[in-house]
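Engineer: Output the structure for:
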Amino acid sequence: MVPSLGGGTPPRGLADAWERRRAKYQGWLEDPGTFFVVAERKGAVVGYAFVTVAQGFAAWATGPIANLETLSVVSGHRRSGLGAELLDAVWSRLAERGVREMAITAAIGNVDSRRFYERHGFKQAFVVYYGIRDD
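Structural biologist: Reported below is the predicted structural model:
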């Protein structure tokens, strides 16, 4: 289920959403700093995390920053610790590369994911505004 974006913006159909996400993934995979980790149970993929790495912020003294683009767990495996395992695997891969910072964007309506990241030490640092202009 896609969380609400607000403003009455409807979600895309699954096929259209996947095509758009896939195009983003293909572009990101051209960067050698991009990686993903996959979780399997009994030979089936049940979750994954997709990570890009960018230069640090211009205005703040940061190192390279990972962006957790997607962390997804199949619904039947949620609340099993699998999300935490994926996040730990991401941090391990980042440590191998000397990256110590990570940013994550979560929809404001996705309360479960926001709580998950907060439990894992993330704090809100930016606010993104979204609006639609009526012409």
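
Engineer: List the single closest residue to residue 62 in space, sequence neighbours excluded.
Structural biologist: Spatial nearest neighbour of residue 62, chain neighbours left out: residue 56 (3.6 Å); criterion: CB to CB, 6 or more residues apart in numbering. C-beta: built from backbone N, CA, C; applies to glycine.

Engineer: tell me the secondary structure for the one you found?
Structural biologist: At residue 56 the chain is in coil, as set by DSSP: H, G, I helix; E, B strand; the rest coil.

Engineer: how near is it to residue 96?
Structural biologist: Distance from residue 56 to residue 96, counting by CB to CB, to the nearest Å: 18 Å.

Engineer: got it, and residue 81?
Structural biologist: The value you get for residue 81 to residue 96, if CB to CB is used, is 23 Å.

Engineer: How about residue 13?
Structural biologist: From residue 13 to residue 96 the distance is 38 Å (CB to CB).

Engineer: where does this protein have low pLDDT?
Structural biologist: 1-4, 6-7 (pLDDT under 70).

Engineer: Kindly recompute the last result at 90.
Structural biologist: Low-confidence segments of the chain (pLDDT under 90): 1-14, 17-18, 21, 32-33, 56-58, 75-80, 107-110, 126-135.

Engineer: quick one: contacts for the closest residue to residue 85 other than its chain neighbours?
Structural biologist: Once flanking residues are discounted, residue 85 sits nearest to residue 39: 6.4 Å by CB to CB, 6+ apart. Residues near residue 39 by CB atoms under 8 Å, 6 or more residues apart in numbering: 45, 46, 47, 48, 73, 77, 82, 85, 86.

Engineer: isn't there a strand covering residue 39?
Structural biologist: Yes: looking at residue 39 with three-state DSSP, it is inside a strand.

Engineer: Much appreciated, bye for now.
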